[in-house]
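[1] got a predicted model here, sequence first, then my questions.
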Amino acid sequence: MVKRFGAQTKRPYLTFGLHLGWTVQGAIGSSDNKIDACYLSPHLQIANRMEELTSVYDMQILVSEPLYNLMSLKARNTLRKIDVILMNTF
């Protein structure tokens with residue numbers, strides 16, 4: 001990035017909320033207009049809320065317990081528990 005954009009360029013700061021579940025994809029638009037993908041799911045809402053919480057915990061990645069439970073022991077050992085969060089999903 002420095003080579004292409006210069007030394008004053010800030011590195012991007014990406015954050016992620018990782019959760020496990022299902023989602024439904026649908027197309028929004030018409031044949032005349034741009035068609036965008038839309039995703040609907042309570043699990044997607046949880047992942048989105050977790051991503052929002054990365055700033056509260058000053059972390060770049062938050063992983064939910066259902067996803068944590070599917071990880072290998074080696075992967076689990078790279079993580080630390082920071083809190084227990086209960087979220088209402090409608």
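    That came through, no problem.

[2] what's the nearest residue to the residue nearest the centre of the chain if we skip its chain neighbours?
    The structure's the chain has its C-alpha centroid closest to Gly17; by C-alpha atoms, centre = their mean the separation is 3.0 Å. Computed as C-beta to C-beta, 6 or more residues apart in numbering, the closest residue to Gly17 that is not its neighbour in sequence is Met50, at 2.9 Å. Every C-beta, even on glycine, is put in place using the N, C-alpha and C of the backbone.

[3] and that neighbour, what does it touch?
    Gly17, Leu18, His19, Leu62, Ser64 (C-beta atoms under 8 Å, 6 or more residues apart in numbering).

[4] and those as TSV, adding distance to Ile35?
    Shown next, in TSV, are these (distance: C-beta to C-beta, whole Å):
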residue	distance to Ile35
Gly17	26
Leu18	27
His19	26
Leu62	31
Ser64	31
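
[5] need these in TSV (columns: secondary structure and pLDDT).
    TSV is the format used below for these (DSSP: H, G, I helix; E, B strand; the rest coil; pLDDT from 0 to 100):
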residue	secondary structure	pLDDT
Gly17	strand	95
Leu18	strand	96
His19	coil	95
Leu62	strand	94
Ser64	coil	93
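
[6] about what we covered before: ok, the residue nearest to Gly17 to Lys10 distance?
    When distance is defined by C-beta to C-beta, to the nearest Å, Met50 is 24 Å away from Lys10.

[7] still on that earlier bit, just the buried residues from the contacts of Met50, in ChimeraX please.
    This is the ChimeraX syntax for the buried subset of the contacts of Met50, where burial follows 16 or more other C-beta atoms under 10 Å:
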select :17,19,62,64
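
[8] greatest separation within the contacts of Met50: which pair is it?
    His19 and Leu62 (8.9 Å; C-beta to C-beta).

[9] what residue ranges in this structure score low on pLDDT?
    The chain contains residues with pLDDT under 70 at 1, 88-90.

[10] and the lengthiest helix in it, C-alpha only, in PDB?
    Looking across the chain with DSSP state H, the single longest helix is helix 42-57. Coordinates of each C-alpha in helix 42-57 appear next as PDB, following Å, rounded to 0.1, in the frame of the first residue of the first chain:
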ATOM      1  CA  PRO A  42     -31.500 -13.700  12.500                       C
ATOM      2  CA  HIS A  43     -28.000 -15.200  12.400                       C
ATOM      3  CA  LEU A  44     -26.800 -12.400  10.100                       C
ATOM      4  CA  GLN A  45     -28.200  -9.900  12.500                       C
ATOM      5  CA  ILE A  46     -26.200 -11.500  15.300                       C
ATOM      6  CA  ALA A  47     -23.000 -11.400  13.300                       C
ATOM      7  CA  ASN A  48     -23.700  -7.700  12.500                       C
ATOM      8  CA  ARG A  49     -24.300  -6.900  16.100                       C
ATOM      9  CA  MET A  50     -21.100  -8.700  17.100                       C
ATOM     10  CA  GLU A  51     -19.200  -6.700  14.500                       C
ATOM     11  CA  GLU A  52     -20.600  -3.500  16.100                       C
ATOM     12  CA  LEU A  53     -19.400  -4.700  19.500                       C
ATOM     13  CA  THR A  54     -15.800  -5.000  18.300                       C
ATOM     14  CA  SER A  55     -15.400  -1.300  19.100                       C
ATOM     15  CA  VAL A  56     -16.800  -1.800  22.600                       C
ATOM     16  CA  TYR A  57     -14.200  -4.500  23.300                       C
END
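
[11] this completes my enquiry, with thanks.
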